[in-house]
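Asks: build me a structure from this.
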Amino acid sequence: MLQNEIIEKIRSGGQAELGVIYEEHRKEFLQWISKEYHCSSDDGKDIYQLTILIFYDNIRQGKLEHLVSSVKTYLFGIGKNIALENMRKEKRYTPINQETWLNEYVADESGQGTDDSFFEFAKKALVKLGQPCQQLIELFYYEKKSIAEIASSMHYKNGETAKNQKCKCMARLRKLFEIEMTKPQNVVNHGY
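Replies: Below you'll find the predicted structure:
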């Protein structure tokens with residue numbers, strides 16, 4: 001199938017095609033981002049998740065209609081921009097996650113969030129995450145609370161403990177999101 005046909009299928013809701021692209025480029029992307037930008041494994045995974053979500057969003061919003069390069073080149077370009085932006089903001093590499101992207105780019109669009117499969121995957125993963133992780137993630141990413149404020153409101157020993165807990169929660173959320181995203185579409189979900 002030609003790249004532009006794949007883009008058209010994804011625009012029409014083709015999750016299978018997006019899944020193929022996700023799997024096809026994941027390993028090489030993670031190796032590349034780790035080597036080029038000295039990212040940790042977790043940071044690389046976060047950047048890849050965000051890259052795929054931006055790729056998907058660009059297709060769905062009509063920003064990407066025809067590729068002049070390969071899908072791989074396009075994805076790696078997005079990843080490079082994310083890594084560089086992250087470096088500029090933090091002066092070091094820090095985790096980037098799909099919830100920030102979803103909150104900033106999808107949830108703000110009135111009515112579209114509920115039709116977006118990726119947003120649904122993230123919502124399901126967040127629900128499955130459970131407490132106290134769900135509360136911590138929501139306080140940090142949705143309510144924009146500082147680590148110190150979270151430590152105080154959730155009764156953590158200090159900010160460092162809250163920060164460590166947030167990292168653990170994000171790792172769990174990332175795994176749950178990947179599980180949700182790779183589930184076959186035709187399987188009926190009975191509470192899992």
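Asks: for the closest residue in space to residue 182 that isn't next to it in sequence, grab the count of nearby residues.
Replies: In space, and not counting its chain neighbours, residue 182 is closest to residue 19: 6.7 Å by CB to CB, 6 or more residues apart in numbering. Using the backbone N, CA and C atoms, a C-beta is placed for each residue, glycine as well. Look at residue 19: counted by other CB atoms under 10 Å, it has 16 neighbours.
Asks: and what of the one 3 residues further on?
Replies: If you count neighbours by other CB under 10 Å, residue 22 ends up with 21.
Asks: the one 5 residues further on now?
Replies: The local packing of residue 27 (other CB under 10 Å) involves 10 other residues.
Asks: what about the chain, any weak spots by pLDDT?
Replies: Residue ranges of the chain with pLDDT under 70: 1, 89-119, 184-192.
Asks: domain parsing of it, as residue ranges.
Replies: The chain is divided into the following domains under automatic domain parsing: 1-96, 98-183.
Asks: that older thread, where's the residue nearest to residue 182, which helix or strand?
Replies: Per DSSP states H and E, residue 19 falls inside helix 15-37.
Asks: residue 65 too?
Replies: Going by DSSP H and E, residue 65 is not in any helix or strand.
Asks: show me the contacts for the closest residue to it other than its chain neighbours.
Replies: Once flanking residues are discounted, residue 65 sits nearest to residue 7: 7.0 Å by CB to CB, 6+ apart. Contacts here follow CB atoms under 8 Å, 6 or more residues apart in numbering; on that basis residue 7 touches 59, 64-67.
Asks: number of residues surrounding the residue nearest to residue 70 when sequence neighbours are not counted?
Replies: Excluding its sequence neighbours, the residue lying closest to residue 70 (CB to CB, 6+ apart) is residue 3, at 6.9 Å. If you count neighbours by other CB under 10 Å, residue 3 ends up with 15.
Asks: can you check residue 77 too?
Replies: For residue 77, the count of nearby residues is 12 (other CB under 10 Å).
Asks: any idea which helix or strand carries it?
Replies: Secondary structure from DSSP H and E places residue 77 in helix 71-90.
Asks: distance from the chain centre to that helix, please.
Replies: 13 Å (CA atoms, centre = their mean, to the nearest Å).
Asks: before we move on, what about stretch 149-158?
Replies: Centroid separation for stretch 149-158 versus its chain: 26 Å, with CA atoms, centre = their mean.
Asks: so which bits of it are buried?
Replies: Of the residues in stretch 149-158, 150-151, 156 count as buried by neighbour count, 16 or more other CB atoms under 10 Å.
Asks: now the helices for the protein?
Replies: 3-11, 15-37, 41-60, 71-90, 98-101, 117-129, 133-137, 147-153, 159-182 (DSSP state H).
Asks: for the fourth one, packing partners?
Replies: In other words, helix 71-90. helix 15-37, helix 41-60 (3 or more CB pairs under 8 Å, 6 or more residues apart in numbering; DSSP states H and E).
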